[in-house]
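[1] coordinates for the following, if possible.
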Amino acid sequence: MKRFSDFANEPLRLEGGKTRIDSILNKDIKITGFNFKKSKYSKNDSGKYLTVQFEGEDGVKKIFFTGSDVLIGQMGKYGK
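    Numbers count the residues shown, from 1 in each chain. Modelled structure (predicted):
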């Protein structure tokens, strides 16, 4: 018999303090989770936004949000 957890597909709950994406430019980060959601303010072609959970050089978990279609596409392709 299969368990509910075998087929449940709930997105991860991402935790951490919010930070601006420009504060991590040109820095090494370790991505620990991400998810996509439909945006209320669809200014991009995908109509989605991306939430990324990461650990910075200090090891603290943080998250950032972006509507960048380039990052959304890359996470969809390589982030599996």
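
[2] only C-alpha atoms for contact and neighbour calcs from this point on.
    Will do.

[3] give me the next element, helix or strand, following the helix or strand of the chain with the lowest mean pLDDT.
    Scoring the helices and strands of the chain by mean pLDDT, DSSP states H and E places helix 4-7 at the bottom, with a mean of 61. Moving toward the C-terminus from helix 4-7, the next helix or strand (DSSP states H and E) is strand 17-18.

[4] quick one: mean pLDDT for that following strand?
    The pLDDT scores in strand 17-18 average 95.

[5] list the strands paired with whatever helix or strand comes next after that strand, with their directions.
    Per DSSP H and E, the first helix or strand lying C-terminal to strand 17-18 is strand 30-38. Sheet pairing for strand 30-38, assigned by DSSP bridges, gives strand 48-55 (antiparallel).

[6] distance between the next helix or strand after the strand it pairs with and the chain's centre?
    Where DSSP H and E defines the elements, the next helix or strand beyond strand 48-55 is strand 61-66. Centroid separation for strand 61-66 versus its chain: 7 Å, with Cα atoms, centre = their mean, to the nearest Å.

[7] same question for stretch 17-33.
    Counting by Cα atoms, centre = their mean, stretch 17-33 comes out at 10 Å from the chain centroid.

[8] got it, and stretch 72-80?
    That offset, for stretch 72-80, works out to 10 Å (Cα atoms, centre = their mean).

[9] can you pull the buried residues of it?
    Ile72, Met75 (16 or more other Cα atoms under 10 Å).

[10] what's the answer for stretch 62-74, then?
    Lys62, Ile63, Phe64, Phe65, Gly67, Ser68, Asp69, Ile72.

[11] equivalent analysis for stretch 46-58, please.
    Lys48, Tyr49, Leu50, Thr51, Val52, Gln53, Phe54, Glu55.
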